[in-house]
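> Sequence and predicted structure, then a few things I'm wondering about:
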Amino acid sequence: MADSPLRRKPRLEEAAAAPPDLLTSLPLEVLDKILCRLHIYDVVRTAALSRAWRRRWESLPTVDLTRSRGLVAEDVDALLLRRTAPIRTFRLGAYDDSWYVDALHDWILHLSRNGVQNLFLWFPPIKFRLHSSLFSCGSLTCLNLTSCRLPPTPLGFAGFPSLKILLLDKVAISEHGGREFAALIGVSPLIEEMKLVRVELIGENSEDEWVIRAPNLRVLSTDNS
């Protein structure tokens, strides 16, 4: 079976017929939006269009893998290693069973060191247990998690000081979940929008007391149906 485009050098004979100068003249943010709608293999193949495109995909601020079925962990490893610019937005739909906790831990650490601001993680159909490396992403402004389990916050966790949007869907919060959640919000003082859908607070009982303090909250949506 042939290597994926992420793990081999692009060939010039793969070049598309469209004049590359028309695309390279587009603003980076427009080009980013266009390429985000493609499978990541096709995004990487744009490197064969011309010399100007050779490394252009590596500098785009968004990495969106939600449309890239068929990826395996090695593809994501190669993608992140070849990046030459900060990743501002990272979207991942984990369809493959080979995406184990250790691999995701490494990816999240890499993203945190690159100053990721918008993080979207989706793990159908089971609740994937996230690693505490998630709490190292101190530059987050938007966190969107679906079908996963949050670990306890580590000792010395300084919070998400820039977080403004928090969206949790089918997320379980471990060990005294209510207090953990309240503590997480308490050290994320800029949160303005919060959406909670079928959030499970593990280890809660009627005697537990906790208070959520979110002084800048403007929008709150909950759904436990």
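Alright, I've got the coordinates.

> where exactly do the helices run in this protein?
20-24, 28-35, 40-45, 73-82, 101-113, 177-186 (DSSP state H).

> Which one of these lies nearest to residue 139?
Residue 139 sits nearest to helix 101-113 of all those, at 7.6 Å, using CB to CB. The C-beta positions use only the backbone N, C-alpha and C, and glycine is treated the same way.

> For the helices of the chain, give me a markdown table that also has distance to residue 53 and mean pLDDT.
Formatted as a markdown table, these follow (distance: least, CB to CB, whole Å; pLDDT from 0 to 100):
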| stretch | distance to residue 53 | mean pLDDT |
| --- | --- | --- |
| helix 20-24 | 6 | 64 |
| helix 28-35 | 10 | 78 |
| helix 40-45 | 10 | 80 |
| helix 73-82 | 14 | 83 |
| helix 101-113 | 24 | 87 |
| helix 177-186 | 42 | 87 |
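
> for these, which one sits closest to residue 159?
With CB to CB, the closest approach to residue 159 among the helices of the chain belongs to helix 177-186: 7.5 Å.

> need the helix or strand of this protein with the lowest average pLDDT.
helix 20-24 (a mean of 64; mean pLDDT, DSSP states H and E).

> Residue 156 is nearest to which of the helices of the chain?
Closest to residue 156 of those is helix 177-186 (CB to CB; 12.5 Å).

> buried ones in the closest one?
Buried residues in helix 177-186, counting neighbours by 16 or more other CB atoms under 10 Å, are found at 177, 178, 179, 180, 181, 182, 183, 184, 185.

> Tell me if I'm right that the fourth one and residue 154 touch.
Which is residue 180. No: assessed by CB atoms under 8 Å, residue 180 is found out of contact with residue 154, at 11.4 Å.
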